[in-house]
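Trainee: Any chance you can model this:
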Amino acid sequence: MIIVIAPDATEEQKKAVRDKIIELKYTPHEIQGVERQVIGAVGEDHGKEHLMEVLDSMPGVESVIPILKPYKLAGREIKSANSEVNCGGVIVGGPQIAVMAGPCSVESREQLSTTAQSIKKAGANILRGGAFKPRTSPYSFQGLEEEGLKLLKEAKELTGLPIVTEVMNPREADLVARYADVLQVGARNVQNFSLLKELGNIPKPILLKRGMMTTIKEFLMSAEYILSEGNKDVILCERGIRTFETATRNTLDLSCVPVLKKETHLPIIIDPSHGTGHWDLVEPMARASIAAGADGLMIEVHPDPINAYSDGPQSLKPSKFAHLMDNIRPFIKLMDRTL
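Mentor: Down below sits the predicted model:
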């Protein structure tokens with residue numbers, strides 16, 4: 001439920017409300033709006049009516065409103081304004097379009113530094129790269145692990161670009177957090193609730209990718225796991241869903257952008273590389289993503305896609321990426337955003 005605090009409420013009254021929420025075994029989540037402060041009380045639905053009655057009669061409380069959506073903290077009922085997430089100095093969800101670019105896998109110092117410098121020159125503002133790689137086959141390249149994280153850190157020092165990289169295991173969360181500015185949850189882990197809860201206690205932004213067969217409701221409930229643990233900095237990423245179509249690797253669901261914009265205050269970015277699986281389809285879908293209202297893009301770039309350890313067919317060469325960046329600028333301007 002949402003407790004709307006009265007404009008003239010004292011700090012003592014606000015504390016009393018928070019203490020009462022905790023006493024009744026709910027968790028308070030405070031949100032400061034432009035004109036009002038609200039406190040979300042999240043917990044088991046059992047006993048909700050009693051809690052509402054108690055809180056509604058307390059000094060400093062203007063009103064108490066039940067939250068009808070199952071995703072209490074991710075929904076717009078508790079927060080109507082769009083959230084902005086600070087990713088190492090790059091704000092995702094504000095006027096600026098975030099472009100996260102880089103290789104699927106970190107392969108070597110030369111490969112990563114070449115790519116990082118080229119994407120920065122083209123206008124990208126966040127470097128992506130996988131140090132831990134979930135693969136369908138156990139015999140495929142699994143990533144350089146901590147050595148890859150160290151190479152990402154070197155690339156950040158070289159270019160100044162913040163980095164986003166995937167974390168696969170709750171036991172590795174602290175390790176990845178020591179190097180990364182943003183921790184990514186891959187599509188296969190979207191409902192790994194142990195991992196999501198662990199990331200909810202790490203003070204770093206979380207990039208949550210939609211699963212291959214995850215509904216929008218399930219997607220937001222996964223975000224809710226992170227939010228409910230206290231981490232408010234969650235970015236959603238659409239990367240294509242599995243359908244009967246075989247012409248593309250996945251089916252990029254751009255209709256999720258307006259749906260999510262209606263349902264949640266969390267920013268949403270699009271990954272047209274995984275969404276299509278073909279490098280020549282990435283640019284048109286990137287343009288369409290901006291036009292649909294996405295807050296950013298995640299694009300795979302590799303200096304030698306033919307010899308890439310993973311996802312070569314969907315990776316852009318640096319020259320193609322620079323061309324893409326030039327061609328999305330009119331769409332960014334049309335949407336009254338900046339790059």
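Trainee: Quick check: buried residues in stretch 109-125?
Mentor: Of all the residues in stretch 109-125, those buried under the rule 16 or more other CB atoms under 10 Å are 111, 112, 114, 115, 116, 118, 119, 120, 122, 123, 124, 125. Quick note: C-beta positions are derived from backbone N, CA and C, even for glycine.
Trainee: so which of these comes closest to residue 7?
Mentor: The closest of these to residue 7 turns out to be residue 125 (CB to CB; 38.2 Å).
Trainee: pretty sure that closest one contacts residue 161?
Mentor: Yes - counting by CB atoms under 8 Å, residue 161 is a contact partner of residue 125 at 6.8 Å.
Trainee: Could you find the closest non-adjacent residue to residue 294?
Mentor: Nearest residue to residue 294 in three dimensions, chain neighbours excluded: residue 270, at 4.6 Å (CB to CB, 6 or more residues apart in numbering).
Trainee: What's the separation between that neighbour and residue 101?
Mentor: Going from residue 270 to residue 101 by CB to CB, to the nearest Å gives 13 Å.
Trainee: tell me, what's touching the two both at once?
Mentor: 297, 298 (CB atoms under 8 Å, 6 or more residues apart in numbering).
Trainee: residue ranges of the strands in this protein, please?
Mentor: Shown for the chain, the strands assigned by DSSP state E span residues 2-5, 27-32, 37-42, 61-65, 85-87, 90-92, 98-102, 126-128, 163-166, 182-185, 206-209, 234-238, 268-270, 296-300.
Trainee: Can you say which of the ones you listed is nearest to residue 279?
Mentor: Taking these one by one with CB to CB, strand 296-300 is closest: 8.4 Å.
Trainee: Give me the angle between the closest one and strand 98-102.
Mentor: Put simply, strand 296-300 runs at 10 degrees to strand 98-102, going by axes from the mean of the first three to the mean of the last three CA atoms, to 10 degrees.
Trainee: Output the longest helix belonging to the chain.
Mentor: helix 318-334 (DSSP state H).
Trainee: Mind listing what's buried along it?
Mentor: 318, 320, 321, 322, 324, 325, 328, 331, 332.
Trainee: of those, closest to residue 23?
Mentor: Among the buried residues of helix 318-334, residue 332 lies closest to residue 23 (CB to CB), at 49.1 Å.
Trainee: give me every residue that touches the closest one.
Mentor: Contacts of residue 332 by CB under 8 Å, 6+ apart are 97, 290, 338, 339.
Trainee: Only the buried members of those residues: can you turn that into a PyMOL selection?
Mentor: Buried residues within the contacts of residue 332, by 16+ other CB under 10 Å, are selected in PyMOL with:
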select buried, resi 97+290
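Trainee: List the contacts of stretch 28-37.
Mentor: With contact meaning CB under 8 Å, 6+ apart, stretch 28-37 is reached by 4-5, 7, 9, 14, 17-18, 21-22, 38-42, 62, 73, 78-81, 227.
Trainee: Mind doing that once more with 10 Å?
Mentor: 2-7, 9, 14, 17-22, 38-43, 62, 72-73, 78-81, 83, 227-228, 230, 232, 265 (CB atoms under 10 Å, 6 or more residues apart in numbering).
Trainee: now it, how far from the chain's geometric center?
Mentor: 22 Å (CA atoms, centre = their mean, to the nearest Å).
Trainee: Same question for stretch 282-294.
Mentor: Between the centre of stretch 282-294 and the centre of its chain there are 17 Å (CA atoms, centre = their mean).
Trainee: Convert the C-alpha atoms of it to CSV, please.
Mentor: This file holds the C-alpha atoms of stretch 282-294, laid out as CSV (Å, rounded to 0.1, in the frame of the first residue of the first chain):
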residue,chain,number,x,y,z
VAL,A,282,20.6,-4.2,-36.0
GLU,A,283,20.6,-0.6,-37.3
PRO,A,284,16.9,-0.5,-38.5
MET,A,285,15.8,-2.0,-35.2
ALA,A,286,17.9,0.5,-33.3
ARG,A,287,16.2,3.3,-35.1
ALA,A,288,12.8,1.8,-34.4
SER,A,289,13.7,1.3,-30.7
ILE,A,290,14.4,5.0,-30.3
ALA,A,291,11.2,5.9,-32.2
ALA,A,292,9.3,3.6,-29.9
GLY,A,293,10.5,5.5,-26.8
ALA,A,294,13.3,3.4,-25.5
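Trainee: So for that stretch, mean pLDDT?
Mentor: For stretch 282-294, mean pLDDT is 98.
Trainee: And stretch 257-273, what's buried?
Mentor: 257, 260-261, 263-273.
Trainee: just stretch 307-316 next, same as before
Mentor: In terms of neighbour count (16+ other CB under 10 Å), stretch 307-316 has its buried residues at 308, 309, 310, 311, 312, 314, 315, 316.
Trainee: correct me, but the second one touches residue 129?
Mentor: This means residue 309. No - at 11.5 Å, residue 309 does not count as touching residue 129 under the criterion of CB atoms under 10 Å.
Trainee: Mind listing the shared neighbours of these two?
Mentor: 103, 104, 105, 106, 107, 111, 143, 144.
Trainee: Just checking: the least confident one among the residues you listed is which?
Mentor: Within the set of the shared contacts of residue 309 and residue 129, pLDDT is lowest for residue 143 (70).
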